[in-house]
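K.L.:
Mind folding the following:
(chains A and B)
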Amino acid sequence: MTDIHEKQQVRVRFAPSPTGYLHIGGARTALLNWLFAKKHNGVFILRIEDTDAERSTSDSIEGILDGLKWLGLDWDEGPYFQTHNIGAHKQAAQKLLKTGHAYKCFCTKETLEAKKEAAMAAKTAWQYDKTCRYLTPEQVMEKETAGQPFVVRFKVPEGDGSVVFEDAVYGAIEKRFSDIEDFVILRSDGSPLYLLSNCIDDINDRITHIIRGQDGLANTPRQLLIYNALAAPVPVFAHMPLTLDLKKRKISKRTHGEVVAVQFYREKGFLPWALVNFLVLLGWHTSDDREIFSKEELIEAFSLEGVSRSNSIFNYTPGDAKFFTDPKALNINAHYIRTMPVEELIIWVAEALKTTGLYDESLKTDKRAWFISTIDLIRQRFHTINDFATLGAAYFSDNFVMNEGAVKKNLLKHPGLKDWLPKLGEKLESIQSWTIEETEKNVRQFIEENELGSGVIINAIRTVVTGQAVGPGLFDCLVAIGRERVVARLKRNLTCWN
RNA sequence: GGUCCCAUCGUCUAGCGGCCUAGGACGUUGGCCUCUCACGCCGAAAACAGGGGUUCGAGUCCCCUUGGGACCGCCA
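P.N.:
Residues are numbered from 1 along each chain as shown, chains lettered A, B, ... in the order given. Next up, the predicted model:
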């Protein structure tokens, strides 16, 4: 295709720090990396940046792995753990020290703090004043033998130059040397800082494309300096816009709660691919009007060029009575529920029924055909998989909740129903065949004989039989639920009538 | 405060100088269908942040203002 030097295999990584569960912003970053790898037949690496021992917990590591697996974002290498590579990070710092790209700084936190405050008071910008950068070797030796603690700082080039790079999303970015301070790469206890560790791991993992959140954009010039000082090949950087809330704050589990956790969507009955499809649309698009993609289509369509530069907003209103998350996410989930092959859908529905105790092994065997046709019948108006087990419970069990509004609207308004419904039950009990045509014929006959309103009776039957005011055509419902249950439900003495 | 980035309907976005009286999707909303609700179909309301340039022509290029965000730690 192109010349051999460009045929280097694509290697990308997702490098979360496990300080909480996988949230949708992180999932989106992982997704874009995954897509990029798939698109280019590359390798997707998972690296856990767990160097913050206090905040990293095995629970959150598990949470991240689970979340990625559930979404179907499988990785080819890893998980690697940053803490395992600390030796390499320290070595790199020593190398920088040796090659004159870094120096030991003996300034104490206290003196630095005082200088910073003075600068604040004088309203001038603070940047480390490089006092230790020009210490003579003798002075350094003296301080060291005196046992003075030191940090290692990177020696940022001086003069008029600047760091320039081409971000795959944001284009040319330039940052002047003079605007970058001599940053710390090793603490006084000898441990490496994130900026260094992250960079060294990327070099060691031979990462070719760094696809990350836009919050990494400001770190890039400093990391580029490290790459150059180490004479390491520089990867392509691609920064993704951030996902904010309606108030334009960064989304976080702490301030937004469960809605931003991937796990929440699993519990709420989302299809993983529906979430993926929603997430990819947050800050990325094709130039045609497509919004629904199969896995293959998405990999085919994906390109960094479609990533937008402005932050996108996760359209979630806390306390919304109608939408428990971004309406578009719900819409996409519903779209998949009503359009995916039923045979696939029933696998998810079966899971939901199991967790609510509505599952029966026969749904897999003799009742499988019934299961398929029933799910196909009711799926059109459901938004989540959980709806099958809640709103659709009446199809699988006699233990279902009567919707209050439905009872009020379709039953209580017409007291005569208390007598009509059992009578109808008796009539239906003995009809010849339990088909859509026969049940409809008999119900309509009943309505006519007793001079009743058809809407009233039909809606009342629906409510008494399914517990809901809404649903598929009534006679389809009756056939799906079966004669025995329908008759029993018509005849039963509802508590609401007493 | 310094540096960097961003700016089209409520939200996600199309648009890379004339195809734009600004298109699509979600949401909102009117109607059709109808035993209900949904689906589907047909409509409606809804945006180029403001101001200067450049140009025959600007949503599209440049500058300023305003607004928003990110980063500035011996956190990751």
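K.L.:
Pull the contacting residues for A:Phe150.
P.N.:
A:Lys104, A:Cys105, A:Phe106, A:Cys132, A:Lys143, A:Glu144, A:Ser188 (Cβ atoms under 8 Å, 6 or more residues apart in numbering). Placement of C-beta: from N, CA and C, glycine included.
K.L.:
again, 10 Å this time
P.N.:
Neighbouring residues of A:Phe150 by Cβ atoms under 10 Å, 6 or more residues apart in numbering: A:103-108, A:132, A:140, A:143-144, A:186-188, A:190.
K.L.:
Can you show me the helices along the stretch 51-200 of chain A?
P.N.:
Here the stretch 51-200 of chain A has its helices, by DSSP state H, counting those that start in this stretch, at A:58-71, A:86-98, A:109-121, A:137-145, A:194-204.
K.L.:
Give me the below-cutoff pLDDT ranges for chain A.
P.N.:
A:1-6, A:53, A:495-498 (pLDDT under 70).
K.L.:
Give the residue farthest from the middle of it.
P.N.:
Residue farthest from the centre of chain A, counting by Cα atoms, centre = their mean, is A:Glu449 at 57.1 Å.
K.L.:
how about that residue, phi and psi?
P.N.:
phi -60, psi -40 (degrees, to the nearest 10).
K.L.:
again with A:Ser312
P.N.:
Dihedral angles (degrees, to the nearest 10) for A:Ser312: phi -110, psi 160.
K.L.:
hmm, back to that, any of the contacts of A:Phe150 buried? List them.
P.N.:
Buried residues within the contacts of A:Phe150, defined by neighbour count using 16 or more other Cβ atoms under 10 Å: A:Tyr103, A:Lys104, A:Cys105, A:Phe106, A:Cys107, A:Cys132, A:Val140, A:Lys143, A:Leu186, A:Ser188.
K.L.:
can you put those in a markdown table and add distance to RNA strand B?
P.N.:
Compiled in a markdown table, the buried ones among the contacts of A:Phe150 are given as follows (distance: Cβ to the nearest atom of the strand, whole Å):
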| residue | distance to RNA strand B |
| --- | --- |
| A:Tyr103 | 14 |
| A:Lys104 | 11 |
| A:Cys105 | 8 |
| A:Phe106 | 8 |
| A:Cys107 | 7 |
| A:Cys132 | 11 |
| A:Val140 | 15 |
| A:Lys143 | 13 |
| A:Leu186 | 8 |
| A:Ser188 | 4 |
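K.L.:
Closest one of those to A:Tyr227?
P.N.:
A:Leu186 (17.6 Å; Cβ to Cβ).
K.L.:
Could you check how many residues crowd around the residue nearest to that closest one when sequence neighbours are not counted?
P.N.:
Spatial nearest neighbour of A:Leu186, excluding adjacent residues (Cβ to Cβ, 6 or more residues apart in numbering): A:Val152 at 3.7 Å. Neighbour count for A:Val152, taken as other Cβ atoms under 10 Å: 23.
K.L.:
in terms of contact, does A:Val152 touch A:Pro192 like I think?
P.N.:
Yes - using Cβ atoms under 10 Å, A:Val152 makes contact with A:Pro192 at a distance of 9.0 Å.
K.L.:
residues bridging contact with the two, i.e. touching both?
P.N.:
Common neighbours of A:Val152 and A:Pro192 (criterion: Cβ under 10 Å, 6+ apart): A:Lys90, A:Ala93, A:Val184, A:Ile185, A:Leu186.
K.L.:
just those now: which is nearest A:Trp284?
P.N.:
Looking across these and measuring by Cβ to Cβ, the closest to A:Trp284 is A:Ile185, at 34.0 Å.
K.L.:
so what's the closest residue to that closest one other than its chain neighbours up against?
P.N.:
Closest residue to A:Ile185 apart from its sequence neighbours, by Cβ to Cβ, 6+ apart: A:Leu196 at 4.3 Å. Counting by Cβ under 10 Å, 6+ apart, A:Leu196 makes contact with A:89-90, A:92-93, A:96, A:102, A:152, A:154, A:183-186, A:222-223, A:226.
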